[in-house]
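> okay, predicted coordinates and the sequence, questions at the end:
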Amino acid sequence: MKLAPIWDPTARKPGPPPVHVDLFPLFLGGTVLWGVAGVVCIICTIAGIMPLRETITCVIGVVVGLGLLIWEHNERRIYRLLGEDDDSATDASDDAGVDSATAVTSAAGTTVTDNTHDARSTGNARR
């Protein structure tokens, strides 16, 4: 066990990128289950088998589930919009034949490349 990452944060390995998980099926399934349980509780409450408290709990579960479905829909929409922006920026630089790591856009809107890392350009500069 190495203790250096505990004392020196720069010695730590970078963490993995976050994984986007689609929570829609989970929230939909939970909401449907709360709805089915709510219908059963309503029938049992009408029949006088159980008190109203359980029915209210199921109704609250359905309301929370619907809220989570709305939240997840908005998060998915934002995630897709951010993904489209990132893809379009990299596609534009790839289409121009410019490495996105060395491309710099000037104030006039033209792309200037930094060729200091290119072996051919540095070799020609020495001659």
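That came through, no problem. Numbering: from 1, shown residues only.

> where exactly do the helices run in the protein?
With DSSP state H applied, the chain shows helices at 4-7, 24-47, 52-95, 119-126, listed in chain order.

> so which of these gets nearest residue 18?
helix 52-95 (10.7 Å; Cβ to Cβ). Glycine gets a C-beta too; all of them are placed from N, C-alpha and C.

> so which elements touch the closest one?
If contacts are counted by 3 or more Cβ pairs under 8 Å, 6 or more residues apart in numbering; DSSP states H and E, helix 52-95 sits against helix 24-47.

> other SSEs contacting the helix it packs on?
Secondary-structure packing of helix 24-47 (3+ Cβ pairs under 8 Å, 6+ apart): helix 52-95.

> just give the number of residues close to residue 65.
Residue 65 has 20 neighbouring residues, counting by other Cβ atoms under 10 Å.
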